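Peer 1: below are the sequence and a predicted model; questions follow.
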Amino acid sequence: KRVDDGNPLILRDYDRCIFCYRCTRICNELEQAHAIAPGGRGFDSRITTFGEMPLQESPCTFCGQCINTCPTGALADLPRVGKAKASEIEKSVNTTCPYCGTGCTLNLDVAKGHVVGVRPDFGSPVSRGSLCVKGQFGWEFIQDEGRLKTPLVRRGGKGGRLEPASWD
């Protein structure tokens, strides 16, 4: 059953779930978020949020660890869905997250010349494969048409025009 709770980041399609409980263990034991848990008994067993609440109202920090550990795609990176198939990924670029000074490293997956998703760098001594919500899901700004691609300098004082400048 696909859960549509309005959250824009994590696709939950429990028809694909094999009840390996990897997602609940990483959420509860490693991340200490306690956002998702097994629910029901017997044939009614399922993965759910505590209290069956929407993910956004749960203690979920949207770190994406449940997505990274899910072997079947029952949990998926919603912004990445439909961007490219795994076979279309041309390269993976290792880089540093731009959002804070921690220096977490991550891998940007590129297909057809565009970034289509992020994967944590599990070999990183800084983040050890764990990213925050910004690092995991905040990659779409890279292709934004309004993004500055060159430095600008204001010429003519306070009310002057911004003009392109060299990086030097």
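Peer 2: Arrived safely. Numbering: from 1, shown residues only.

Peer 1: can you read off the backbone torsions of G39?
Peer 2: In terms of degrees, to the nearest 10, the main-chain angles of G39 are phi -140, psi 160.

Peer 1: pLDDT value on it, please?
Peer 2: pLDDT recorded at G39 is 87.

Peer 1: pull the number of nearby residues for it.
Peer 2: With neighbours defined by other Cβ atoms under 10 Å, the count for G39 comes to 15. In this view, the C-beta of every residue, glycine as well, is placed from N, C-alpha and C.

Peer 1: what do you get for the one 4 residues further on?
Peer 2: Each residue near F43 was counted by other Cβ under 10 Å, and the total is 6.

Peer 1: surely it is in a helix?
Peer 2: Yes - counting by DSSP: H, G, I helix; E, B strand; the rest coil, one finds F43 located in a helix.

Peer 1: distance of it from F19?
Peer 2: Separation of F43 from F19 (Cβ to Cβ, to the nearest Å) stands at 12 Å.

Peer 1: ok, now C66?
Peer 2: 14 Å.

Peer 1: quick one, phi psi at I18?
Peer 2: Dihedral angles for I18 - degrees, to the nearest 10 - are phi -110, psi 10.

Peer 1: tell me the contacts of it?
Peer 2: Counting by Cβ atoms under 8 Å, 6 or more residues apart in numbering, I18 makes contact with 71-72, 74.

Peer 1: in ChimeraX, select just the buried ones from the residues you listed.
Peer 2: Per 16 or more other Cβ atoms under 10 Å, the buried members of those correspond to this ChimeraX selection:
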select :74
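
Peer 1: run the chain-centre distance for stretch 12-29.
Peer 2: Chain-centre distance of stretch 12-29: 17 Å, with Cα atoms, centre = their mean, to the nearest Å.

Peer 1: brain fart, stretch 77-92
Peer 2: With Cα atoms, centre = their mean as the basis, the mean position of stretch 77-92 lies at 12 Å from the chain mean.

Peer 1: got a list of contacts for it?
Peer 2: Here stretch 77-92 has contacts from 7-11, 64, 67, 107-112, 114, 116-119, 136-137, 139-140, using Cβ under 8 Å, 6+ apart.

Peer 1: measure that stretch end to end?
Peer 2: For stretch 77-92, the first-to-last residue distance is 17 Å (Cα to Cα, to the nearest Å).

Peer 1: now that stretch: mean pLDDT?
Peer 2: Averaging pLDDT along stretch 77-92 gives 85.
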